[in-house]
Each structure stands twice: as structure tokens, then as C-alpha cells.
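Novice: the following comprises the amino acid sequence and a computationally predicted model.
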Amino acid sequence: MESERFRADNAAKQAEAAKTKLQSISTMQDYRAMFTESWILKDNACVAHLEQLWDASAKEALTQLLQVEAKSAKWYCQLPRAYFEDLSKDLARQSTLSVLMDRVRQESEKLNSALFKLSEQQGGVPRIYLQAAEARKAEGHDKQNHDNGNDDDNDDDDDEIVFLKCEQLASEKAGPCVKQNGGAAFRSVA
């Protein structure tokens, strides 16, 4: 009973500390420092576009989107990468600030729904991540066949996408998904 109270108090303190830290963000560089593994913030064109949105509501919407991205990376490792890289390119192409702001908010809502509604998942994984990964693989396959002069889509090796399950390590400090027993190496956001 007391340990539950301790955990609840500790969680509340951590949430308050995170909230204070988020309120202190004043530049996109601060975001990059806070969300070091963000695929969205690795796209310089997207960052340049997002820098134009610097009021309180924009900051809150962007923070929510980046937090969802961080959760996605933590829970699914590299699987969401294609989705977020495509999203960053799309955000960089938005024509006006109001359209960009609306898109950031819509994506945040869409991602929260995909992460937490079973109806939007396939095998416990958000469908949007699976679809983005399949599309990326198909683009790569089509480009490779085109580059090789081979338009034959009967390659059975490419019919299936295999996703490695990312298991969280017992120790929170060891946190990142790591290479084990010959598996692929992943790094998640802490």
C-alpha cells in the first residue's frame, strides 16, 4: 500500500518536472535537445517550417506530437520510422502556418488514436506504422527493380514484412532496445 503511494507520488513529481521542462522550451534547438531521437526533428526542412509556429498553442501541439513520437519509438523501436520520416516531409510542405498548425494537431490526435485504440491496430501494432513500412518497402522494391530494368513483381522474398519485436529491458536505465542473439539493433527514446 505504501509502495503504491510512493510510486504515485514519484510519478506525479516526474510529470510535474517534465511539464516544467516543457514550459521552459524557447527554441527548436531546445526541442531537439529534449527529443534527441525524434525522426521529425532530424529533418531540417521540417524544423525550419515548424520554427515559424512559435506561440503557446503551437508549442503545446508540437510537444504532444513529439511525445507521441517518443512513445512510439520506445514501444515499437524502428517500426514507426517510415511513418514519422514521411510525416516530417509532409509537414515541411504545408503551404501556410494555419494549415501546418492544423496538420500538427490532426496528426497528434490520429497517432493517439492509433496507439491506444485496438480497432486501429493489427496484432497489437498500429496499422499506420505497418502501412508506412510496407509502402516504404514497396517504394524501395519498385525503385530497385526499375534501376535494374526488372519490373517483375513476382519476387516471393518481398511478399512478407517481418517485424522484430522490441522488448523493453528489465532495467529502465538499460532502456534502449539492443542487439541480442543476432537480432537487429534498435535504439528507443528514454
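Specialist: Looks like it came in fine.
Novice: need the contact list for the residue most central in space within the chain.
Specialist: With distances taken as Cα atoms, centre = their mean, Glu69 lies nearest the centre of the chain, 3.0 Å away. For Glu69, the contacting residues are Phe35, Ser38, Trp39, Ile40, Pro80, Phe84, Leu111, Val189, by Cβ atoms under 8 Å, 6 or more residues apart in numbering. No exception for glycine: its C-beta is placed from N, CA and C like everyone else's.
Novice: same thing but at 6 Å, please
Specialist: Neighbour list for Glu69: Ser38, Phe84 [criterion: Cβ atoms under 6 Å, 6 or more residues apart in numbering].
Novice: check the offset of the helix or strand harbouring it from the chain's centre.
Specialist: Using DSSP states H and E, Glu69 falls within helix 56-76. Helix 56-76 sits 8 Å away from the centroid of its parent chain (Cα atoms, centre = their mean, to the nearest Å).
Novice: for stretch 124-136, same thing?
Specialist: With Cα atoms, centre = their mean as the basis, stretch 124-136 stands 12 Å off its chain's centre.
Novice: got it, and stretch 110-117?
Specialist: On Cα atoms, centre = their mean, the centre of stretch 110-117 falls 12 Å from that of its chain.
Novice: list the contacts of it.
Specialist: Defining contact as Cβ under 6 Å, 6+ apart, one finds that stretch 110-117 is touched by Val68, Glu120, Pro126, Ile128.
Novice: excluding residues flanking it in the chain, which one is nearest the third one?
Specialist: Sequence neighbours aside, Ala114 is the residue nearest to Pro126 in space, at 3.9 Å (criterion: Cβ to Cβ, 6 or more residues apart in numbering).
Novice: then the first one?
Specialist: With Cβ to Cβ, 6+ apart as the criterion, Val68 has its nearest non-adjacent residue at 4.4 Å, and that residue is Leu111.
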